[in-house]
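Asks: Let's see this in three dimensions:
(one chain, ligands or ions: 1)
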Amino acid sequence: MNEQAVVETVDLTKSYRNVTAVDKLNLRIEEGEIFGFLGPNGAGKTTTVLMLLGLTEPTSGTARVCGHNPTREPLQVKRITGYLPEKVGFYEDLTARQNLAYTTRLNDLADEDASSVINEALNIVGLSDVADQKVGKFSRGMKQRLGIADVLVKHPRMVFLDEPTSGLDPDGANQILDTIAQMSKEHKITIVLSSHQLPMVQRICDRVGILVKGRLVAEGPIERLGREALGGGRFRIEVQVSQPSPNLDESIRRINGVVSVEKSGDFLFITCDQDLRPQIAKAIVDSNTLLVQMKIQDYGLEEIYMKYFREG
Ligand SMILES: Nc1ncnc2c1ncn2[C@@H]1O[C@H](COP(=O)(O)OP(=O)(O)OP(=O)(O)O)[C@@H](O)[C@H]1O
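Replies: Now for the predicted structure:
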C-alpha cells in the first residue's frame, strides 16, 4: 500500500501577471527524506515553498503537506513545518536560550515543557555551552546552528532549509550538514534543502529535483540522474591515443560493461557501468595503438545540474 507522502503536489502552478513562476509541478517527497530542491535564480523554488507553507495561493493544481491543504488548512501546516530562511533573524541582545523561549511561546508551548525542549535542541546543534550568551556575539555559523535549533523546538515533521550553509567556511558548512543529516535521521524529519552549493547537496541528499523556469526538468536519486545524463553508464572514461587503429573503437565497444564509445580525433569518450580502465588499456595496446592518457570521471551533481540547466 502507498503510504501518505509528506509533500505531494499535482500540477501545482503559480502565475504572476506575466510570469509562470511554477508550471505544473508534480512532486512527491516521503517521510524522512532529505530532498535537494535545486535550480537557478528565479526558477520558482521560493514560490513553491511559499505555496507549500500556505503563504501564497496556487493559481491551479493542488498541494498537500502531510495530507493537509496549505491554502485551506494553513494553521495545521504551520504547526508541522519549519522554515529556515537564508538569513536568520534573532534578537541580538537576548541569549540563545531566550530567543528559543520566545519561539516556543509563539508556538504555545507551556514554559515547563519548553525548557527541556530548548535544552534538547541546543544539545543537538552543539550550542549548550553558549546557551546563555547574547546572540549578538555569535558567529555566522553559530547563528545558523541556532536557526536549526529554532526550527527544532517546534518538533516539525518537515523543514524547509534555504541555503543553510551560505557564508560559512567549509568546516562550518560540513558541521551544519552533519547536524541536518542527524536531525533528519534521529527524528525522522523530512528535509527540503535549497542550495546552489552542489557538492554539499550531493553529500547529504537522498534525492534531488531540478527546477528550471518553473518546470521540474529532472528528479530522482543523484546516481540514477548521473546514469541517465551519461546515457546509461555510471562512469565516463576519457582516453587520448596516438594514431588510433581504425577498429579501435569497435574493439572497445565489445568490452563487457561498455555502454557507449564516442570518437573525436585522438580522443575516445567511453561510458560504462564499472571502472573498466584495465580492460580498455589492454584493448588499446592489443590494437597496436599508443595510449597517451586516460582519465575517469564519476558523474556528479555538478555535471548533472549543468546538463539539465542547459537543456531547460
Ligand atoms: N510576488 C511576485 N510578483 C511577480 N513575480 C514574482 C513574484 N515572486 C516571484 N516572482 C517571479 O517568479 C519567478 C520565480 O521566482 P522565485 O523567487 O520563486 O525563484 P527562486 O527559484 O526561489 O529564485 P532564487 O534562487 O533567486 O531564490 C521569478 O521570475 C520571479 O521574478
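
Asks: List the buried residues in stretch 147-158.
Replies: G147, I148, A149, D150, V151, L152, V153, K154, H155, P156, R157, M158 (16 or more other CB atoms under 10 Å). The way it works is simple: take the backbone N, C-alpha and C, and place the C-beta from them, glycine included.

Asks: buried set for the strand or helix carrying I270?
Replies: Using DSSP states H and E, I270 maps to strand 267-272. For strand 267-272, the neighbour count (16+ other CB under 10 Å) marks L268, I270, T271, C272 as buried.

Asks: Now for V130: which residues touch it?
Replies: With contacts defined as CB atoms under 8 Å, 6 or more residues apart in numbering, V130 is in contact with A96, F138, M142.

Asks: Any chance of the backbone angles for the nearest residue to R145 once chain neighbours are set aside?
Replies: Leaving aside its sequence neighbours, R145 sits nearest to V125 (CB to CB, 6 or more residues apart in numbering; 4.1 Å). Main-chain dihedrals, V125, degrees, to the nearest 10: phi -90, psi 0.

Asks: For V125, the count of nearby residues, please.
Replies: Neighbourhood size, V125 [other CB atoms under 10 Å]: 24.

Asks: Check K295 too.
Replies: Residues near K295, counting by other CB under 10 Å: 10.

Asks: Can you give the contact residues for whatever helix or strand it lives in?
Replies: If you go by DSSP H and E, K295 is part of strand 290-298. Residues from elsewhere that reach strand 290-298, judged by CB under 8 Å, 6+ apart: 226, 234-243, 266, 275, 277, 280-281, 284-285, 303.

Asks: what do you get for stretch 260-276?
Replies: Contacts for stretch 260-276 (CB under 8 Å, 6+ apart): 230-242, 244, 248-249, 252-253, 255, 257-259, 280, 292, 296.

Asks: Show me which of those residues are buried.
Replies: Buried among these (16+ other CB under 10 Å): 230, 233-237, 239, 241, 244, 248-249, 252, 258-259, 280.

Asks: Pull the most distant pair out of these.
Replies: The distance between the two most remote of the buried ones among the contacts of stretch 260-276 (CB to CB) is 24.9 Å, for R234 and P244.

Asks: hang on, the earlier thing: which one of the buried ones among the contacts of stretch 260-276 is nearest to the ligand?
Replies: L230 (26.6 Å; CB to the nearest ligand atom).

Asks: Quick check: the closest residue to that closest one other than its chain neighbours vs V258, distance?
Replies: Nearest residue to L230, sequence neighbours excluded (CB to CB, 6+ apart): T271, at 4.7 Å. Between T271 and V258 the distance is 8 Å, computed by CB to CB, to the nearest Å.

Asks: hmm, back to that, need the per-residue pLDDT for the residue nearest to L230.
Replies: pLDDT recorded at T271 is 89.

Asks: Tell me the spacing between it and E223.
Replies: 14 Å.

Asks: show me where the stretch 51-200 of the chain has strands.
Replies: Using DSSP state E, counting those that start in this stretch, the strands found in the stretch 51-200 of the chain span residues 60-65, 81-84, 158-162, 190-194.

Asks: Pick the most buried one from those strands.
Replies: strand 190-194 (a mean of 25; mean count of other CB atoms under 10 Å).

Asks: Show the average pLDDT along that strand.
Replies: Rounded mean pLDDT across strand 190-194 is 95.

Asks: cool, and stretch 106-122?
Replies: Here the average pLDDT along stretch 106-122 is 86.

Asks: chain center to that stretch: distance?
Replies: Chain-centre distance of stretch 106-122: 29 Å, with CA atoms, centre = their mean, to the nearest Å.
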